[in-house]
Each structure stands twice: as C-alpha cells, then as structure tokens.
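In: next come a sequence and a model predicted from it.
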Amino acid sequence: MEASSSLMFMTAALRRVGRGTLDLILPPRCLACGEQVADPQALCSACWSRLDFVTAPFCAACGLPFEHDAGADARCAACLARQPRYDRARAVFRYGDESRGMILSFKHADRTDAAIAFAAWMARAGRELLQDADVIVPVPLHYRRLVWRRYNQAALLALRLGKAAGKPVVVDLLLRARATASQAGLGARERRRNLAGAVMANGARAGSIKGKRVLLIDDVLTTGATVGACARALRKAGAAGVDVLTLSRVVRAQVLD
C-alpha cells in the first residue's frame, strides 16, 4: 500500500513538473483571443464575460432563449407552428462576434485541443439530454470535405462527451450521401432544399440505435436544417427519439427543421 501511494505521488509530481516545463515553453493561450491564461483549454476572464450563454427560460423544443419566463413547457412560435424533427435542442452560447473566431478556429484551423473545453461546457448545458441519451452520434461530413479538413469537429465533440458520460458513440452512423453546396448565406428554406436526400443512416450501424434515444452533436445550430435532416435519417433508421446538443446557436425569430 505504501509503495503504491509513493508511486502515485511520484507520478503526480512528475506530471506537475512536466506541465510546468511545457507552460514555460508554450504557455497556455485563451481559446478566443490568444492571451496567456493560467490553464490550457481555457478562456481569459474578459472573453468569458463577453460570451452570451443560453440559459433558462428558453423554448422547450428548440432551446430558443425567451426574454420572459413562460413556463417550463413553453414553446416558441416557430415550434408551435411546426414541431422540429428532433425532440429537444440545447446549446451552450449564442453564435456571434464574441464566439465566431473561436469556433471557426476549432472548425477550420486545427484547434482540435479546444474540444476538451467545449465538450465540458456542452455536458453542463445539455446535462438532461446527455443523461437521457442511449447513443451519441455526430453530424457527418461528406468524405471529400473530411479529407480536406482532416477531421470532423462534431465527431471530436461527440467522442469527448461520450467518454465523459460513459455513453457509446457511433461516429459513422450517419453518412453524407452526396456533397452539398456551402450553407453559408442560405436561408432556412434554401438550406432544407440543399440538404434534401443528402444525409442517410449507415446500414451497417443502424442496428445500434433501433428503439434507442439518440443525442445528435454539432458545433453550431443555425436554422436547424442540418440537424433536421439528420434527425429524419435517425428516425427512419429506428431511433425512438432524437435530441440535439450544440456548442453554439444562431438566435433569430424562427429556428425550424
């Protein structure tokens, strides 16, 4: 027992020394502005204070923030008019000037280390969804875009969340059946048309979600067209329910599938 305790103490000490040496050579930087911070994968206090976190009250379905509390089961006008293809959607913070650079760096500039912090924030924001989930599935990339980008940011987040929560993650359950034009600048209707028939379930993996509740992971929820197409494919493959958890979301008057 004493030998084991000594070994653990020495291991911890060596880790602290190694961390200290690394910090001297490559000091940790704020995920948003690049200023030096005390801990890796963290934000400086200024950037943290500028983020607009999504907190209650919000729509029980799509998670759209409300100005006033209308009750736990209240829904926004868009969700009352048309139920999204998913059951519930939640996000950590609003997508805007304060968060855009940080997310784009994670998505396009190889800041994959940010997935550690992002997944931890998502786990807190989507605690209920994560608890209810049987399987975690990321929004897929078309293989051409995956080869060009070298990683799927949604899959990185899903794997981190699965590890933290002890939930199975099936990274290739959904497939992009065809390449689509960029969604940037498109409205909700154009996005839905762009994605029509573009997402399908992987037949070799579909059995892992039949009768189960799936938690769908992505980095940004914009109009809901992408997660709507994914939710449709998941339900077609036999999922009993589909929830959505994203790092950020665009806040506008309507967020439809």
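Out: Perfect, I can see it now. Residues are numbered from 1 along each chain as shown.
In: contacts, neighbours, all on C-alpha from now
Out: Noted.
In: can you give me the strands in the protein?
Out: For the chain, the strands defined by DSSP state E occupy 88-94, 135-138, 174-176, 199-201, 213-221, 241-249.
In: strand partners of the last one, parallel vs antiparallel please.
Out: Going back to what we said before, that points to strand 241-249. For strand 241-249, sheet partners with direction are given as strand 88-94 (parallel), strand 213-221 (parallel), following DSSP bridges.
In: where exactly do the helices run in the stretch 1-150 of the chain?
Out: Per DSSP state H, counting those that start in this stretch, the stretch 1-150 of the chain carries helices over the ranges 2-25, 45-50, 77-81, 97-108, 115-125, 127-132, 143-149.
In: rank those by pLDDT, which is bottom?
Out: Comparing mean pLDDT across the helices of the stretch 1-150 of the chain, the weakest is helix 2-25, with a mean of 49.
In: relative to residue 110, which of the strands of the chain is closest?
Out: strand 213-221 (14.4 Å; CA to CA).
In: mind listing residues that contact that closest one?
Out: Residues outside strand 213-221 that contact it (CA atoms under 8 Å, 6 or more residues apart in numbering) are 95, 103, 129-130, 132-139, 153-155, 157-158, 227, 231, 234, 239-250.
In: please pick the buried ones from those residues.
Out: With burial judged by 16 or more other CA atoms under 10 Å, the buried subset of the contacts of strand 213-221 is 95, 103, 129-130, 133-139, 153-155, 157-158, 227, 231, 234, 239, 241-250.
In: next, count neighbours for the nearest residue in space to residue 134 that is not next to it in sequence.
Out: Ranked by CA to CA, 6 or more residues apart in numbering and with sequence neighbours excluded, the top spatial neighbour of residue 134 is residue 213, at 5.2 Å. Look at residue 213: counted by other CA atoms under 10 Å, it has 21 neighbours.
In: how close does residue 213 sit to residue 147?
Out: 30 Å (CA to CA, to the nearest Å).
In: got it, and residue 53?
Out: Look at residue 53 and residue 147: by CA to CA, they are 33 Å apart.
In: please identify which of the two sits among more neighbours.
Out: Taking other CA under 10 Å, residue 53 and residue 147 do not tie; residue 53 has more neighbours (16 against 11).
In: for that one, which non-adjacent residue is spatially closest?
Out: Distances taken as CA to CA, 6+ apart put residue 93 closest to residue 53, at 3.9 Å, once the chain neighbours are dropped.
In: check residue 161 too.
Out: Nearest residue to residue 161, sequence neighbours excluded (CA to CA, 6+ apart): residue 119, at 5.7 Å.
In: from memory the one you found sits against residue 163, does it?
Out: No - using CA atoms under 8 Å, residue 119 is not in contact with residue 163, being 10.0 Å away.
In: comparing those two, which residue is more hemmed in?
Out: Using other CA under 10 Å as the criterion, residue 119 and residue 163 rank with residue 119 on top: 22 against 11.
In: residues in contact with the residue lying closest to residue 73 once chain neighbours are set aside?
Out: Nearest residue to residue 73, sequence neighbours excluded (CA to CA, 6+ apart): residue 60, at 5.3 Å. Residue 60 makes contacts with 72, 73, 74, 75, 88, as judged by CA under 8 Å, 6+ apart.
In: buried residues in stretch 70-79?
Out: For stretch 70-79, burial by neighbour count (16+ other CA under 10 Å) applies to 74, 75, 76, 78, 79.
In: number of residues surrounding the spatially closest residue to residue 71 that is not a sequence neighbour?
Out: Closest residue to residue 71 apart from its sequence neighbours, by CA to CA, 6+ apart: residue 57 at 7.7 Å. Residue 57 sits with 18 neighbouring residues when counted by other CA under 10 Å.
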